[in-house]
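Novice: here is my input; please provide its structure:
(one chain, ligands or ions: 1)
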Amino acid sequence: MTLGNKVRAVRALYRQLDRDLARFQAQTGLSCLPACGQCCTHPQVEASVLEFLPLAYELMRQGEAGRQLQLLESEDNPLCFLFRPLRPEGEAGFCGDYPHRGLICRLFGFSVMRDKHGQRQLYTCRRIKGETPETYAQAVAFLKAGRPVPGVSAYYRRLTNIDPELAGRFLPIRQAIREALRFVLHYYSYRRPPRRRAA
Ligand code: SF4
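Specialist: Down below sits the predicted model:
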């Protein structure tokens, strides 16, 4: 599969997931807290290189991949490269390129995982649980009733089917973005780069 085809396959997976997430959120009312961004401030959260391939490809298409890689490598910052804090000292902030966020960023908060006892549990954050307890309880009841909730394992399996090697390379998010940029730059070092979008 060419790199362009892999990117299209990951994008298609994201479109499907975004539809599933929107349905689940509409049915339960579960949502992120306004201007939170706390889940983006944990440098140890890992993602696979493949989930950031659409981001790297898009930057390549804009002629920005090399410059962004240099910038990423020059910064002494363990946080996600896309995170934009609202205040220098605060944890609140937002994603600087939400449409190109990773699979883990999409799933966290609104999906289901099995715990060590094999029970299905909501994969969500402490703030959502603590600050919107009624909505959280409603989402748990929805899950317990056997209604459809996007599954973390199922989506990662589908990602693996696109490219087992890149989907299997798990790194802290910042490094996953760096590796995706390096991969795309290397791929196009001896091929014609993707065309820029018309303005
Ligand atoms: S890609 Fe965006 S949503 Fe994901 S951790 Fe980084 S800033 Fe947060």
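
Novice: contacting residues for the residue in the chain sticking out farthest from the centre?
Specialist: Distance from the C-alpha centroid of the chain, by Cα atoms, centre = their mean, peaks at residue 190 (28.8 Å). Applying Cβ atoms under 8 Å, 6 or more residues apart in numbering to residue 190 gives no contacts. Backbone N, C-alpha and C define where each C-beta goes, glycine included.

Novice: how much space separates it from the ligand?
Specialist: Distance, residue 190 to the ligand, by Cβ to the nearest ligand atom, to the nearest Å: 29 Å.

Novice: next one: phi and psi at that residue?
Specialist: phi -130, psi 20 (degrees, to the nearest 10).

Novice: and residue 174, how many neighbours does it have?
Specialist: Residues lying near residue 174 (other Cβ atoms under 10 Å) number 20.

Novice: pLDDT on the helix or strand hosting residue 137, on average?
Specialist: Assigned by DSSP states H and E, residue 137 falls within helix 133-144. If you average the pLDDT over helix 133-144, you get 94.

Novice: any idea how far it is from the middle of the chain?
Specialist: 23 Å (Cα atoms, centre = their mean, to the nearest Å).

Novice: what is that helix packed up against?
Specialist: helix 3-28, strand 120-123, helix 126-131 (3 or more Cβ pairs under 8 Å, 6 or more residues apart in numbering; DSSP states H and E).

Novice: in the helix or strand just after that helix, what counts as buried?
Specialist: Counting by DSSP H and E, the next helix or strand C-terminal to helix 133-144 is helix 152-162. Within helix 152-162, the residues that qualify as buried are 152, 155-156, 158-159, 162, counting by 16 or more other Cβ atoms under 10 Å.

Novice: and the contacts of helix 152-162?
Specialist: Residues from elsewhere that reach helix 152-162, judged by Cβ under 8 Å, 6+ apart: 1, 6, 9-10, 13, 17, 48, 50-51, 103, 107, 111-114, 123, 167-168.
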